[in-house]
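Participant: Pasting a predicted model and its sequence here:
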Amino acid sequence: MIVLDPGHFYVLERLDGTPDQNPVKLLFVKRFGDKYPKNELPIYSGTTSQEVLRALHDRACYLHNQIPCWETRISIPLLGAVIWLYERRAARRHGRQAPSYHQAIFGMTCGICGHVGCAGLCRKGH
């Protein structure tokens, strides 16, 4: 992994590819303002940690169905717990009720704030 912008922009190792393929990039949303201390310009669109964790949760479920093992079986609820904790934190920061464990993992996310449970009540810039 190469860190291009700490906390926001990463290049991940690609396996089974050819040298001419584009690198695998992971870009987290970067916003600027009072609610985002220590973020410096430039800002850019991207994903959230929760969305990446949801992908990892889904992949763990897939892998466990493919070749079951205790390590993967245990990792699935642990990944879910991390998603739930991040969504609880977001709900608290935005003055909303915290989502359930199931909602945090499988609920619809908002196209503006990226979190579950806002029901479209968020404002741009949250």
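Facilitator: Thanks, I have the structure now. Numbering: from 1, shown residues only.
Participant: What are the boundaries of the strands in the protein?
Facilitator: 2-5, 9-12, 24-27 (DSSP state E).
Participant: how about those in a markdown table, adding mean neighbour count, distance to Leu63 and mean pLDDT?
Facilitator: C-beta coordinates here come from the backbone N, C-alpha and C atoms, glycine included. A markdown table is the format used below for the strands of the chain (neighbours: other CB atoms under 10 Å; distance: least, CB to CB, whole Å; pLDDT from 0 to 100):
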| stretch | mean neighbour count | distance to Leu63 | mean pLDDT |
| --- | --- | --- | --- |
| strand 2-5 | 11 | 25 | 96 |
| strand 9-12 | 15 | 18 | 96 |
| strand 24-27 | 14 | 18 | 96 |
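Participant: can I get these in CSV with distance to Ile112?
Facilitator: Output for the strands of the chain, formatted as CSV (distance: least, CB to CB, whole Å):
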stretch, distance to Ile112
strand 2-5, 22
strand 9-12, 21
strand 24-27, 18
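Participant: for those, which one sits closest to Asp34?
Facilitator: Across those, Asp34 has its closest neighbour in strand 2-5 (20.2 Å, CB to CB).
Participant: so which of the strands of the chain gets nearest Thr18?
Facilitator: Closest to Thr18 of the strands of the chain is strand 24-27 (CB to CB; 13.3 Å).
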